[in-house]
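In: sequence and predicted structure below; questions after.
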Number of protein chains: 2
Amino acid sequence: MLDCIIVGSGVAGVSAGLTLKANNKSFMIFGSKNLSEKITKAELIKNYVGLSDITGQDFCKQIQAQLKDADIQIQEEKVSGVYALKEKFGVATQEGGYYESKTVILCTGVESIKLVDGETQFLGKGVSYCATCDGFLYKDKTIAVLCTSKRLEHEIEHLSGFAKKIYLIAMYKPVEVQGENIEIIRKMPIKIDGEKRVEKVVFADRELPVDGVFVLRESIAPSVLLSGLETVDGHIKTERNMQTNIQGCFSAGDCTGRPYQYAKAVGEGNIAGHSVTAYLSENK
Amino acid sequence: MLDCIIVGSGVAGVSAGLTLKANNKSFMIFGSKNLSEKITKAELIKNYVGLSDITGQDFCKQIQAQLKDADIQIQEEKVSGVYALKEKFGVATQEGGYYESKTVILCTGVESIKLVDGETQFLGKGVSYCATCDGFLYKDKTIAVLCTSKRLEHEIEHLSGFAKKIYLIAMYKPVEVQGENIEIIRKMPIKIDGEKRVEKVVFADRELPVDGVFVLRESIAPSVLLSGLETVDGHIKTERNMQTNIQGCFSAGDCTGRPYQYAKAVGEGNIAGHSVTAYLSENK
């Protein structure tokens, strides 16, 4: 079993990984080879010690080279759920992967996530975060797909292979995914509603009857990702050593709160890596 | 009055300074143009995100260039005391300087300081941390000087110009300071003792009658530097936003606790810089 699974490949996750590597621990980092959207889009970073006025693109390239030097790979799968089991964690991905580890470090970043009314209530009862996991359940059915990022269009394509009809509530531009069964909607719904299961999506001016709703966001709200995780104002609550309220689960970076800065994320990733190391020693 | 005084020029202090600069705050950093002994002596840094396998010397050079780019100077004075006054702080230096600021960030690093029994008790009653401040008080007297670093020998020289006799308890090698009135001792004393004032230094095998004791260390214990500062196991106690128990006083880096890592210190300096900025907004 792995010593640790790091969820997220921004600078916090990378920092935690470099530290675990230095401490000779086994681990995987789940995320993107491009690290994070935030880094690649950063114009100029001025207050990161040691790198004067570096662009996000250059910072990203230097980190990719550093990871190669350190022989650390990024696992390009999207984590759909983390499960706190007895003295270990289970991590499921949208690609259908399942992994286990003694500890986890959540470095999921922060996305301004406004949950849709009814989203949490109907989770598993018609609401799904994972197209590849649950798409087959909606063969020849009518579904709504709420999507916030162009990078997730491949999941919509996947769904269009099953569903009879897709209402694509697209919160990004431009929409490039195509399909005869896809109808694009540019408004946010007011709520997801139904009796025992999802029956409809309600907008200000109309209601659409659906059999299910897929919500595709770059990141999943932390409290949805790992059940029972304590959050404060949408941020994961951590102690000074970056441990969360769940034993063996640590967190670092923007997801733990402001300031949303590279230096802060790197520092917290480092602390989390060391705290995992200490935790593993204490819980042999 | 300055917005902030940063005590210490290691990476935590530099990180705080870069952030305060970005936030357009006025501040001074007290320390050394060589940043910190720890950096210059670091062989190879492997887990600092963005800089692959960099030596301490190269890291130091890059930071010095970055400070120049950002137009940040280091004030080469050694802080001897920080005083929490009404809604401001006073900072005194061994060079005789006195400065005031609305906030302070303590980035004093960590030195394994084992206080000598009686040291705190007789502080100001024969025990002094500052040769240039108090040396003249011991003209033609007999003193003991406990010194832990070769870099502080100039202070011993200063004292040898006043004192009749100096017992130099030297906890470093090689000793290069010379003087007819200097006698070198290679043992740590058990205690400093006396009635109302210092009268003697006690060793396992003998006692030396003295009029005063100078204790010269690279850093002053935080709780001695700023009276009332709460510490835990010799580390400054801080909240997640790096504030200490004293209002307006923040801290970052090794002095707040383990891990003693560059990434952690940089992250904490960043957070402290942002917390000072928020504090200044709230306390206009």
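Out: That came through fine. Fair warning: this is a prediction, and the values are worked out from it, not measured in the lab.

In: tell me the SS of the closest residue to A:Pro259 other than its chain neighbours?
Out: Nearest residue to A:Pro259, sequence neighbours excluded (Cβ to Cβ, 6 or more residues apart in numbering or on different chains): B:His274, at 4.2 Å. For glycine as for every other residue, the C-beta is placed from the backbone atoms N, C-alpha and C. When classified by DSSP: H, G, I helix; E, B strand; the rest coil, B:His274 comes out as helix.

In: you'd agree B:His274 is up against A:Gln261?
Out: Yes. Counting by Cβ atoms under 8 Å, A:Gln261 is a contact partner of B:His274 at 7.3 Å.

In: any common contacting residues for these two?
Out: B:Thr19 (Cβ atoms under 8 Å, 6 or more residues apart in numbering or on different chains).

In: circling back to that earlier point, which ones are touching the residue nearest to A:Pro259?
Out: By Cβ under 8 Å, 6+ apart, the contact list for B:His274 reads A:258-259, A:261, A:264, B:19, B:23.

In: equivalent analysis for A:Ala65, please.
Out: Neighbours of A:Ala65 in contact, by Cβ under 8 Å, 6+ apart: B:Ser52.

In: give me the number of residues near A:Asn24?
Out: 8 (other Cβ atoms under 10 Å in any protein chain shown).

In: with A:Cys133 instead?
Out: When neighbours are counted by other Cβ under 10 Å, A:Cys133 comes out with 16.

In: can I get the strand or helix carrying it as PDB, trimmed to CA atoms?
Out: Using DSSP states H and E, A:Cys133 sits within helix A:131-134. C-alpha atoms of helix A:131-134 as PDB (Å, rounded to 0.1, in the frame of the first residue of the first chain):
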ATOM      1  CA  ALA A 131     -19.500  11.000 -16.400                       C
ATOM      2  CA  THR A 132     -17.300   7.900 -16.900                       C
ATOM      3  CA  CYS A 133     -18.500   6.300 -13.700                       C
ATOM      4  CA  ASP A 134     -22.300   6.800 -14.200                       C
END
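
In: which residues are contacting it?
Out: A:80, A:92, A:94-96, A:128, A:145, A:155-156, A:158-159, A:212, A:214, A:216.

In: run the last query once more with 10 Å
Out: A:78, A:80-81, A:92-96, A:124, A:126-128, A:138, A:143, A:145, A:147, A:152, A:154-160, A:162, A:212, A:214, A:216 (Cβ atoms under 10 Å, 6 or more residues apart in numbering or on different chains).

In: check which helices and strands whatever helix or strand comes next after that helix sits against.
Out: For helix A:131-134, the succeeding helix or strand toward the C-terminus, using DSSP H and E, is strand A:142-147. For strand A:142-147, the contact count by 3 or more Cβ pairs under 10 Å, 6 or more residues apart in numbering or on different chains; DSSP states H and E identifies strand A:127-128, helix A:131-134, helix A:153-160, strand A:165-170, strand A:182-185, strand A:198-202, strand A:207-209, strand A:212-216 as packing neighbours.

In: show the average pLDDT along strand A:142-147.
Out: For strand A:142-147, the mean pLDDT works out to 96.

In: selection in ChimeraX covering whichever of the contacts of B:His274 are buried, please.
Out: Buried members of these, defined by 16 or more other Cβ atoms under 10 Å in any protein chain shown, are picked up in ChimeraX with:
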select /A:259,261,264 /B:19,23
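
In: save the contacts of B:His274 as a markdown table, and put in secondary structure, pLDDT and distance to B:Gly194 too.
Out: As requested, the contacts of B:His274 are arranged in a markdown table below (DSSP: H, G, I helix; E, B strand; the rest coil; pLDDT from 0 to 100; distance: Cβ to Cβ, whole Å):
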| residue | secondary structure | pLDDT | distance to B:Gly194 |
| --- | --- | --- | --- |
| A:Arg258 | coil | 92 | 52 |
| A:Pro259 | coil | 93 | 50 |
| A:Gln261 | coil | 93 | 51 |
| A:Lys264 | helix | 97 | 48 |
| B:Thr19 | helix | 96 | 47 |
| B:Asn23 | coil | 92 | 49 |
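
In: what's the PyMOL line that selects buried ones from the contacts of helix A:131-134?
Out: Listed next is the PyMOL selection for buried residues among those, using 16+ other Cβ under 10 Å:
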select buried, chain A and resi 78+80+81+92+93+94+126+127+128+138+143+145+147+152+155+156+158+159+160+162+212+214+216
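
In: thinking again about what came up before, in the helix holding A:Cys133, what's buried?
Out: Quick answer for helix A:131-134 (16+ other Cβ under 10 Å): A:131-134.

In: show me how far it is from its chain's centre.
Out: From the chain centre to the centre of helix A:131-134 is a distance of 15 Å (Cα atoms, centre = their mean, to the nearest Å).

In: what of stretch A:35-54?
Out: Per Cα atoms, centre = their mean, the displacement of stretch A:35-54 from the mean C-alpha position of its chain is 21 Å.

In: please apply the same query to stretch A:224-233.
Out: The answer for stretch A:224-233 is 13 Å, by Cα atoms, centre = their mean.

In: again with stretch A:204-222
Out: 17 Å.

In: using CSV, write down the CA coordinates of that stretch.
Out: Extracted in CSV, the C-alpha atoms of stretch A:204-222 (Å, rounded to 0.1, in the frame of the first residue of the first chain):
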residue,chain,number,x,y,z
ALA,A,204,-36.3,31.1,-13.6
ASP,A,205,-38.4,30.9,-16.7
ARG,A,206,-39.0,27.2,-17.2
GLU,A,207,-38.6,23.6,-16.0
LEU,A,208,-36.9,20.8,-17.9
PRO,A,209,-37.8,17.2,-17.0
VAL,A,210,-34.7,15.1,-16.7
ASP,A,211,-33.7,11.6,-15.5
GLY,A,212,-30.3,12.8,-14.1
VAL,A,213,-27.9,15.7,-13.7
PHE,A,214,-24.2,15.6,-14.2
VAL,A,215,-22.2,18.4,-12.5
LEU,A,216,-18.8,18.8,-14.1
ARG,A,217,-16.4,21.2,-12.4
GLU,A,218,-12.6,21.4,-12.4
SER,A,219,-12.7,20.5,-8.7
ILE,A,220,-15.2,19.0,-6.4
ALA,A,221,-16.1,20.8,-3.2
PRO,A,222,-13.8,19.3,-0.4
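
In: the nearest residue to A:Lys41 once chain neighbours are set aside and B:Asn23, how far apart?
Out: Spatial nearest neighbour of A:Lys41, excluding adjacent residues (Cβ to Cβ, 6+ apart): A:Gly56 at 6.0 Å. Using Cβ to Cβ, to the nearest Å, we find A:Gly56 at a distance of 20 Å from B:Asn23.

In: just A:Phe30 next, same as before
Out: Relative to B:Asn23, A:Phe30 is positioned 34 Å away (Cβ to Cβ).

In: A:Glu77 now?
Out: From A:Glu77 to B:Asn23 the distance is 38 Å (Cβ to Cβ).

In: which residues of the stretch 101-250 of chain A lie near chain B?
Out: Applying Cβ under 10 Å from any Cβ of the partner chain, one finds that the stretch 101-250 of chain A approaches chain B through A:237-242.
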